[in-house]
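Enquirer: got a predicted structure plus its sequence, pasted below:
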Amino acid sequence: MLRIEGLTAEVDGKPILKGIDLEVPAGEVHAIMGPNGSGKSTLSYVLAGREGYEVTGGSATLDGVDLLGMEPEERAAAGVFLAFQYPVELPGVGNANFLRTALNAIRRGKGEAELDAMQFLKQARARLKELQMSEDMLKRGVNVGFSGGEKKRNEVLQMALLRPSLAILDETDSGLDIDALKIVADGVNALRAPDFSALVITHYQRLLDYIVPDKVHVLMQGRIVQTGGPELAKQLEASGYASVQAAA
Amino acid sequence: MPAVAETLDTVQSVTEGTYKWGFETEIEMDFAPKGLNEDTVRFISAQKKEPEWLLEWRLKAFATWQKMQEPRWPAVKYPPIDYQDAYYYAAPKKKDGPKSLDEVDPELLKTYAKLGIPLKEQAILAGVEGAGDSPAEGGRMPIAVDAVFDSVSVATSYKERLAKDGIIFCAISEAVHEHPELVKQYLGTVVPPGDNFYAALNSAVFTDGSFVYIPKGVRCPMELSTYFRINAKSTGQFERTLIIADEGAVVSYLEGCTAPMRDENQLHAAVVELVALDDSQIKYSTVQNWYPGDAEGRGGIYNFVTKRAQCRGKRSKVSWTQVETGSAITWKYPSCVLLGDDSVGEFYSVAITNNHQQADTGTKMIHVGKRTTSTIVSKGISAGKGQNTYRGLVRVAPTASGARNFTQCDSLLIGDQCGAHTVPYIENRNMSAKVEHEATTSRIAEDQLFYCRQRGLSEEDAVGLIVNGFCREVLKELPMEFAVEAQKLLQISLEGSVG
Ligand SMILES: Nc1ncnc2c1ncn2[C@@H]1O[C@H](COP(=O)(O)OP(=O)(O)O)[C@@H](O)[C@H]1O
Ligand SMILES: [Mg+2]
């Protein structure tokens, strides 16, 4: 269960998040929608602990554990996973090596035994198969020379392997064709469980046809201005954010 | 190489900023009197019971050295070295050959154990009779090891096995006695005694090192490796290595080094000469981990080394791979003189400078033969207050029609107090030759670090991963066993460089 209360944050001294209240109970998937520049990525970075995203007030806890006091890697070990809006390239670092290092770091953090190369490969292959991805994915450098779609798929693969308890997907669907969109949705749906929750940040209602959210929140100018069921996404798609702004 | 491999495994978890090979061994030693004059040279030569011609050779080198000036052109800074305030010869006191490990000086054994050399190799290195005669167990590819402890080679393993193929792998002091014709024919022909200040010094006072000869058509069945260690206080190490690959021969040679932690600086001035005849190949890999000094820049090894290969034969090939993580100051340019037509020279280098370390390193590729090709890949990493200079020369002689060179120089900066410098010299005197140079400088980006940390990696592991990725093209040139250890070493070298 993710609980955010009165969260305010600034970047370069400029207030971006202006008091966010949000609860995502365990087992639920919530969508966050909102126009460009409204603070969606900022919220995801603040939850993941990125440097430069200064929390000025409020709290955020995952299953009662304070997230905001932890280092990014500690949050990862605590179960927070962020699928990046712009996945980062790591030249010369093999994807398999990266994934295994990450998985083992998180397992260590949780007090679990590390996986050797063979055990890792077995798991990775199983996830690749579920996600209908090619094994080539493992052999390449991390995101280097990947198309936009491949980068997003790589994020989903990482998520599937790391099995977070809170997944934040930041516009993972942007720029994807419908097949890739389904893969992203499958990735999230496969993780659905009573102890898993997700925040799906998106511009488009179409992703929510495949990942049916329990709730939809509208973020505008650093505040959640409206919350509703899946039908809210459809309404936004039809009449735009202006209608919400007017209502808010 | 096991000496490095297993040591590293045991030191993975240690605390930041400490050098894990910094212990000192208490062993009874024979020293030459402190200082450097003709008598020192005579003393060393006499200790080694050298033939007259070699003593003459040394004395000539010494006379040359006395007229030479220390080079001032490298981009490194250090106080003047007092060459009279050092020992030029230190050797463990020789006892009769022990019959079993129980009889070996326990301090020597402890040293090997700490360095991570497996017991079997320990027995061989400690000179236990008969220990090196049977092949390694478990089908593991054996690695023949020569260990040089301060001034002397203490033992060489797998000699008998190698002798079956006619391969000579022994201490150079031994080769002087056992194979004088080969030593006389090749010593100083690649790096002449008067080549430079440190080469002249080395020629006068070199104490030991490895000698390798691979006969015609023989592919050496195992990696050959030498393990260098400076142990004694105020002692310089001047080793000399000579490798000859006869026609069609193939050999891969590894070199590893460590030294105790001391507040004073110690001088290491080695000379390595490689000779490659027709169709032969020499691969020479170094993982240099001399003590770099402490975080404030006190102590550490001055690593002033001359390494050069002559590709004398047609289609011969020499490949240098180096991972330079240690030393307070590194000054070295492993080079290839490409004489034979169609000969090939390669240089793959990773040099790390952290804290107050300084490195001025690179290569020289001298194209003389037709269609000679050379490849240079240099990866410099600077952290802390480290200064890293790549200095490279590509010279194409008028005779070298169709010669080609490709140079790639990448620098990675960690933090804002370090420096990276690239100094390429290109002298092309043949219109048909093609010389290409690419250079980049980058920093570890904040988004790369955050991406890794979001995936659970600590900041240091993230830096290690990114640095290893940056060095991948070089690390993949190392023999397998070495590559894994080199990766860990890179990470250890950068401990404390972020955050
Ligand atoms: N690193 C940054 N430096 C300066 N301003 C930033 C930075 N990141 C975000 N902002 C600003 O914060 C606001 C919210 O941005 P963001 O969270 O990326 O919005 P969204 O993801 O909803 O499009 C924007 O006005 C943007 O310009
Ligand atoms: Mg965004």
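Expert: Nice, thanks for sending it over. Ligands and ions are numbered 1, 2, ... in the order given.

Enquirer: mind naming the longest helix for chain A?
Expert: Longest helix in chain A by number of residues, with DSSP state H as the criterion: helix A:230-247.

Enquirer: which of the residues in that one are buried?
Expert: A:Pro230, A:Leu232, A:Ala233, A:Leu236, A:Tyr241, A:Val244 (16 or more other Cβ atoms under 10 Å in any protein chain shown). For every residue, glycine as well, the C-beta is placed using N, CA and C.

Enquirer: and chain A, which of its residues are near chain B?
Expert: Residues of chain A lying close to chain B by Cβ under 8 Å from any Cβ of the partner chain are A:48-52, A:71-73, A:75-77, A:80-82, A:84, A:87-93, A:97-98, A:101-103, A:105-106, A:109, A:141-142, A:158, A:162.

Enquirer: low pLDDT regions in chain B?
Expert: Within chain B, the segments meeting pLDDT under 70 span B:1-32, B:90-157, B:228-236, B:257-265, B:481, B:493, B:495-499.

Enquirer: up against chain A, what does it have?
Expert: Contact residues (Cβ under 8 Å from any Cβ) of chain B with chain A: B:445-448, B:450-459, B:461, B:465-466, B:468-473.

Enquirer: one more pass at 10 Å, please.
Expert: B:379, B:410, B:442, B:445-459, B:461-462, B:464-473, B:475-476, B:487 (Cβ under 10 Å from any Cβ of the partner chain).

Enquirer: secondary structure class for the residue in chain B positioned nearest to ligand 2?
Expert: Nearest residue of chain B to ligand 2 (Cβ to the ion) works out as B:Asp447 at 13.8 Å. Put simply, B:Asp447 is helix when judged by DSSP: H, G, I helix; E, B strand; the rest coil.

Enquirer: tell me which residues touch the residue lying closest to it once chain neighbours are set aside, please.
Expert: Closest residue to B:Asp447 in three dimensions, ignoring its sequence neighbours and counting by Cβ to Cβ, 6 or more residues apart in numbering or on different chains: A:Val88, at 5.0 Å. Residues in contact with A:Val88 (Cβ atoms under 10 Å, 6 or more residues apart in numbering or on different chains) are A:Val142, A:Asn143, A:Lys151, B:Ala445, B:Glu446, B:Asp447, B:Gln448, B:Leu449, B:Phe450, B:Tyr451, B:Cys452, B:Gln454.

Enquirer: quick one: terminal-to-terminal distance for stretch B:284-300?
Expert: Stretch B:284-300 has an end-to-end distance of 24 Å (Cα to Cα, to the nearest Å).

Enquirer: equivalent analysis for stretch B:443-458, please.
Expert: Stretch B:443-458 has its terminal residues 18 Å apart, counting by Cα to Cα.

Enquirer: do that stretch and ligand 1 meet?
Expert: No - Stretch B:443-458 does not reach ligand 1 (Cβ under 6 Å from any ligand atom); its nearest approach is 9.9 Å.

Enquirer: in the stretch 301-450 of chain B, which spans are helices?
Expert: Listed in chain order, the helices of the stretch 301-450 of chain B (DSSP state H, counting those that start in this stretch) span B:446-454.

Enquirer: how far out from the middle of the chain is the strand or helix carrying A:Ser44?
Expert: Element membership of A:Ser44, judged by DSSP states H and E, is helix A:40-48. Averaging C-alpha positions (Cα atoms, centre = their mean, to the nearest Å) puts helix A:40-48 9 Å from its chain's average.

Enquirer: report the inter-axis angle for it versus helix B:446-454.
Expert: 50 degrees (axes from the mean of the first three to the mean of the last three Cα atoms, to 10 degrees).

Enquirer: what does chain A have sitting close to ligand 1?
Expert: Counting by Cβ under 6 Å from any ligand atom, chain A sits next to ligand 1 at A:Val11, A:Asp12, A:Ile16, A:Gly34, A:Asn36, A:Gly37, A:Ser38, A:Gly39, A:Lys40, A:Ser41, A:Thr42.

Enquirer: got a list of contacts for stretch B:62-69?
Expert: Contacts for stretch B:62-69 (Cβ under 10 Å, 6+ apart): B:36-38, B:40-42, B:83, B:192-205.

Enquirer: same deal with stretch B:423-436?
Expert: For stretch B:423-436, using Cβ under 10 Å, 6+ apart, the contacting residues are B:73, B:75, B:360, B:362, B:364-367, B:370-374, B:376, B:378, B:389-409, B:437, B:439.

Enquirer: what's the ChimeraX line that selects buried ones from the residues of chain A next to chain B?
Expert: Command for ChimeraX, covering only those of those found buried under the criterion 16+ other Cβ under 10 Å:
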select /A:48,49,50,72,73,75,76,77,80,81,82,84,87,88,89,90,91,92,93,97,98,101,102,103,105,106,109,141,142,158,162
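
Enquirer: among the residues of chain A next to chain B, which are in strands?
Expert: If you go by DSSP state E, these have A:Val80, A:Phe81, A:Leu82, A:Leu90, A:Pro91, A:Gly92, A:Val93, A:Gly141, A:Val142 in strands.

Enquirer: in a markdown table: these, plus distance to B:Thr286 and pLDDT.
Expert: Shown next, in a markdown table, are these (distance: Cβ to Cβ, whole Å; pLDDT from 0 to 100):
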| residue | distance to B:Thr286 | pLDDT |
| --- | --- | --- |
| A:Val80 | 43 | 97 |
| A:Phe81 | 41 | 98 |
| A:Leu82 | 41 | 98 |
| A:Leu90 | 27 | 94 |
| A:Pro91 | 25 | 92 |
| A:Gly92 | 21 | 90 |
| A:Val93 | 24 | 92 |
| A:Gly141 | 26 | 90 |
| A:Val142 | 29 | 95 |
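
Enquirer: let me see the contact set for B:Arg312.
Expert: Listed by Cβ under 10 Å, 6+ apart, the contact partners of B:Arg312 are B:189-190, B:244-245, B:275-278, B:280, B:337-340, B:343, B:369.

Enquirer: excluding its backbone neighbours, what's nearest it?
Expert: Nearest to B:Arg312 is B:Leu339, by Cβ to Cβ, 6+ apart, at 5.2 Å.

Enquirer: my read: the one you found touches B:Val318, true?
Expert: No - between B:Leu339 and B:Val318 there is no contact under Cβ atoms under 10 Å: 11.2 Å.

Enquirer: the more surrounded of the two?
Expert: For B:Leu339 versus B:Val318, the count of surrounding residues by other Cβ atoms under 10 Å in any protein chain shown is larger for B:Val318: 29 against 21.

Enquirer: what's the closest non-adjacent residue to that one?
Expert: Nearest non-adjacent residue to B:Val318, counting by Cβ to Cβ, 6+ apart: B:Ala309, 4.0 Å away.

Enquirer: quickly note the distance from that neighbour to ligand 1.
Expert: For B:Ala309, the distance to ligand 1 equals 51 Å [Cβ to the nearest ligand atom, to the nearest Å].
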